[in-house]
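Just to be clear, the model below is a prediction. Sequence and coordinates:
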Amino acid sequence: MTAPAPFAELPAAPAWDYGSLSYGLEPLTLPATGLPLPRHSAGQLGRAAPRVPRAWPSAIGRRIRAINSDGVATEHLARSEDPAELFGFRWITGHQVSFVLWVLMAQALDDHAAGRIAPEELAETLPLYVRGYCAMLLYSGSCPTSVYEDVIRPSMRRQHPGFSGSWAPDFRPVRRVFRGQDGLPDVLPDGRPLAEALDLHRHVHESIAARLVPGGLSLLRQSPTRHRNTRLLNLIYDNYFFTLRAPVSWPEVLTQLSRRLVAIAQDLTVNGVDGGFPHEEAPGPWQDAVAGCRARLEETLAQIAVHAPAQIQARLQATPAERTA
């Protein structure tokens with residue numbers, strides 16, 4: 001049986017090329033969770049491989065940096081005047097990028113445990129992906145509190161009254177890393193970058209929670225429903241975030257990531273981090289750390305765009321059928 005092909009074309013330059021319209025959404029196709037991604041190719045899945053040039057990771061990184069420095073022409077992407085449209089796009093797309101980062105982290109952890117990569121590579125890779133997730137937390141949660149309360153939170157409640165981030169399937173394999181329960185910063189050759197990235201994650205998460213949910217009550221805590229069919233809750237969560245599960249090759253995962261990183265960079269350049277709707281951050285001990293993460297947001301996107309494909313391609317040695325020279 002032919003597996004359904006994810007939409008995995010590299011974005012065309014310099015126009016907006018995402019979601020078929022400005023601030024549109026795209027489904028994300030990821031493998032089933034719980035196992036490392038197989039080494040199969042698109043051809044083995046019964047479909048053509050994505051056509052990507054050999055140097056596409058560095059090209060995407062340069063494009064993101066050029067978008068940040070040179071701007072985006074109005075005819076390619078106009079400012080959004082609709083907060084529901086803009087922040088709805090950010091909420092879904094930012095979460096999708098987070099899912100890919102978690103998959104990449106889980107693969108790196110599995111490769112390290114199996115001796116396929118050196119501890120030094122893990123020590124370089126994990127902090128970047130943790131910082132990338134911090135950037136996506138800031139991006140997804142950049143909406144004003146009123147938009148979160150009136151638009152985003154009700155949209156989750158419509159899916160399930162107890163809708164919860166704890167249902168995210170791809171977070172389970174990396175949960176212990178974020179909670180500091182695996183002791184990695186103490187066993188890596190240089191654990192300081194990871195420890196610092198995890199501290200940043202704690203600050204960013206606390207700052208967003210303080211601003212968007214000042215009462216501290218999540219939908220899950222407010223809901224009397226305690227249905228615990230994990231598989232069903234995973235499906236509900238994936239469905240809300242436009243995420244499908246199917247056999248998929250690494251180039252297909254990574255080109256889907258590239259599409260989203262470029263679209264996010266274009267949005268940030270045109271609309272700014274606050275989307276044109278300024279709001280004050282909740283005061284707290286996190287302010288300096290959050291400000292630094294926000295200032296490096298676009299550069300973090302560019303670094304991930306280069307590092308993720310290079311890491312996977314170098315280790316798994318994608319066959320010529322997976323690439324076009």
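Arrived safely, thanks for sending. Numbering: from 1, shown residues only.

tell me which helix or strand of the chain sits lowest on mean pLDDT?
Least confident helix or strand of the chain, by mean pLDDT, DSSP states H and E, is helix 219-222 with a mean of 52.

distance between the next helix-or-strand element following that one and the chain's centre?
Using DSSP states H and E, the helix or strand that follows helix 219-222 towards the C-terminus is helix 230-240. Computed by C-alpha atoms, centre = their mean, to the nearest Å, the chain-centroid distance of helix 230-240 equals 18 Å.

residues of helix 230-240 that come out buried?
Residues of helix 230-240 classed as buried by neighbour count (16 or more other C-beta atoms under 10 Å): L233, N234, I236, Y237, D238, Y240. For glycine as for every other residue, the C-beta is placed from the backbone atoms N, C-alpha and C.

Nearest residue to F171 in space, please, no chain neighbours.
W102 (5.7 Å; C-beta to C-beta, 6 or more residues apart in numbering).

residues touching Y237, list them.
By C-beta atoms under 8 Å, 6 or more residues apart in numbering, the contact list for Y237 reads F163, W167, A168, P169.

Quick check: the residue nearest to the first one when sequence neighbours are not counted vs W167, distance?
Going back to what we said before, that points to F163. Residue nearest to F163 in three dimensions, not counting chain neighbours: M156, with 4.0 Å by C-beta to C-beta, 6+ apart. According to C-beta to C-beta, to the nearest Å, M156 stands 11 Å off from W167.

Also P31?
18 Å.

before we move on, what about T300?
26 Å.

Check P285 too.
29 Å.

higher neighbour count, these two?
W167 (20 against 9; other C-beta atoms under 10 Å).

How are the helices of the stretch 1-150 of the chain distributed by residue range?
In order along the chain, the stretch 1-150 of the chain carries the following helices (DSSP state H, counting those that start in this stretch): 56-70, 83-113, 119-140, 145-147.

same question but for the stretch 201-325 of the chain, I mixed them up
Under DSSP H, counting those that start in this stretch, the stretch 201-325 of the chain gives helices at 219-222, 230-240, 250-271, 287-295, 297-316.

so which of those helices comes closest to E124?
Closest approach to E124 among the helices of the stretch 201-325 of the chain is made by helix 297-316 (8.3 Å; C-beta to C-beta).

Who are the packing partners of the closest one?
Judged by 3 or more C-beta pairs under 8 Å, 6 or more residues apart in numbering; DSSP states H and E, the packing partners of helix 297-316 are helix 56-70, helix 83-113, helix 119-140, helix 250-271.

ok, and which of those helices has the densest surroundings?
Comparing those by mean neighbour count (mean count of other C-beta atoms under 10 Å), helix 250-271 comes out on top with a mean of 24.

okay, the angle between that one and helix 83-113?
Relative orientation of helix 250-271 and helix 83-113, computed by axes from the mean of the first three to the mean of the last three C-alpha atoms, to 10 degrees: 140 degrees.

which helices and strands does helix 250-271 pack with?
For helix 250-271, the packing partners by 3+ C-beta pairs under 8 Å, 6+ apart are strand 28-30, helix 56-70, helix 83-113, helix 297-316.

Dump those to JSON lines, plus mean pLDDT and distance to A197.
Shown next, in JSON lines, are the helices and strands packed on helix 250-271 (pLDDT from 0 to 100; distance: least, C-beta to C-beta, whole Å):
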{"stretch": "strand 28-30", "mean pLDDT": "94", "distance to A197": "23"}
{"stretch": "helix 56-70", "mean pLDDT": "92", "distance to A197": "20"}
{"stretch": "helix 83-113", "mean pLDDT": "95", "distance to A197": "11"}
{"stretch": "helix 297-316", "mean pLDDT": "86", "distance to A197": "11"}
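
any chance of these in TSV, with distance to H205 too?
Below are the helices and strands packed on helix 250-271 laid out as TSV (distance: least, C-beta to C-beta, whole Å):
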stretch	distance to H205
strand 28-30	22
helix 56-70	25
helix 83-113	12
helix 297-316	16
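
so what's the residue nearest in space to the middle of the chain up against?
The centre of the chain sits closest to V97, judged by C-alpha atoms, centre = their mean, with a distance of 1.8 Å. Neighbouring residues of V97 by C-beta under 8 Å, 6+ apart: G132, M136, L257, R260, L261, I264.

ok, back up a step: and the buried residues of helix 230-240, which is closest to I312?
Of the buried residues of helix 230-240, the one sitting nearest to I312 (C-beta to C-beta) turns out to be D238, at 22.4 Å.

thought the closest one was touching A246?
No: look at D238 against A246 with C-beta atoms under 8 Å: they stay out of range, at 11.4 Å.
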